[in-house]
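**Q** give me a 3D structure for the following:
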Amino acid sequence: MTAPPTRRSFLQTGIGLSGVAVAATAVGGCGSSRGRGSPAAAASTTTVPVGDGDQALRRLMEGNARFARGTTQNPRRDDRRRAEQADGQTPFAIIVGCSDSRVPPELIFDQGIGDLFLVRVAGNTASAPLVIGSIEYAAVTFGCPLLMVLGHDDCGAVKAAIDTVKNGFSPPGQIGSVVQPILPAVDKVKSEPADTLLQAAIRQNARDTATKLQTVDSLLTERVTTGKLKLVAAEYLLHSGTVEVLT
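**A** I've put the predicted structure just below:
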């Protein structure tokens, strides 16, 4: 009987099954295009390649500045880009964000189709193996040089976690599985004044998730240690539209 595949062998097999994914590891993770396929795909719709995590972060923050000012370029969202990315995605950054409908990463960073690999879950945590595996897949398959854990103010999941810690609230249904990973962050800052507790917990939760991703698994740890992957925590502010890097 054939032994079941390991997580690493699964990732390697996935890469091997897609020639496009192999190319993406070399250049696609830097946001460049292979220009293969239809004439439309050959059109110049891509950004300048990203060389490292610092450049990737700078690109995100420049896009966010445009969004906050109301001067978005809405790049790489036309039919040519769609045709180009149908041959294989080329994300230059991984965003671990909250499912909140007010925080769409492609919009707040003014990016286009195929630019960002999104892993979104209420509370922007990474406790479930499925979430971590999705992040690993993007890092290994596409060679993304940047991983951002993006929290946001007025987060309902963090509010529920605070209510659980301070008042013994018991979330109904499966909502507890969303709140549970946030409780340690709330515990760390629960002595904060009431008017600053929510923001402190939101920021602590984003930092804790980033720290966990850096240390929990060899696939990500190795890439961070060798400088292949830059890992940051950040907070999005709903009223101003700005993103603040925390680490």
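
**Q** after the least confident helix or strand in the chain by mean pLDDT, which helix or strand is next?
**A** In the chain, the helix or strand scored least confidently by mean pLDDT, DSSP states H and E is helix 19-26, which has a mean of 33. Using DSSP states H and E, the helix or strand that follows helix 19-26 in sequence is helix 53-69.

**Q** report the buried residues of that following helix.
**A** In terms of neighbour count (16 or more other C-beta atoms under 10 Å), helix 53-69 has its buried residues at 53, 55-57, 59-61, 63-64, 66-68. For every residue, glycine as well, the C-beta is placed using N, CA and C.

**Q** repeat for stretch 128-138
**A** Under the neighbour-count criterion of 16+ other C-beta under 10 Å, stretch 128-138 has 131-138 buried.

**Q** same check, this time on stretch 101-111
**A** 103, 105-106, 108-111.

**Q** go on, stretch 182-195?
**A** Under the neighbour-count criterion of 16+ other C-beta under 10 Å, stretch 182-195 has 182-183, 185-186, 189, 192 buried.

**Q** save those as CSV, and put in secondary structure and pLDDT too.
**A** Formatted as CSV, the buried residues of stretch 182-195 follow (DSSP: H, G, I helix; E, B strand; the rest coil; pLDDT from 0 to 100):
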residue, secondary structure, pLDDT
I182, helix, 98
L183, helix, 98
A185, helix, 98
V186, helix, 98
V189, helix, 98
E192, coil, 97
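
**Q** in CSV, list the residues you listed along with distance to I95.
**A** Output for these, formatted as CSV (distance: C-beta to C-beta, whole Å):
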residue, distance to I95
I182, 18
L183, 24
A185, 19
V186, 23
V189, 24
E192, 27
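
**Q** just give me the longest helix of the protein.
**A** Looking across the chain with DSSP state H, the single longest helix is helix 194-215.

**Q** for that helix, which positions count as buried?
**A** The neighbour-count check on helix 194-215 (16+ other C-beta under 10 Å) flags 197-210, 212-214 as buried.

**Q** then stretch 156-169?
**A** Counting neighbours by 16+ other C-beta under 10 Å, one finds that the buried residues in stretch 156-169 are 157-162, 164-165.

**Q** tell me the one of the buried residues of stretch 128-138 nearest P171?
**A** Set against P171, the nearest of the buried residues of stretch 128-138 by C-beta to C-beta is V131 (18.8 Å).
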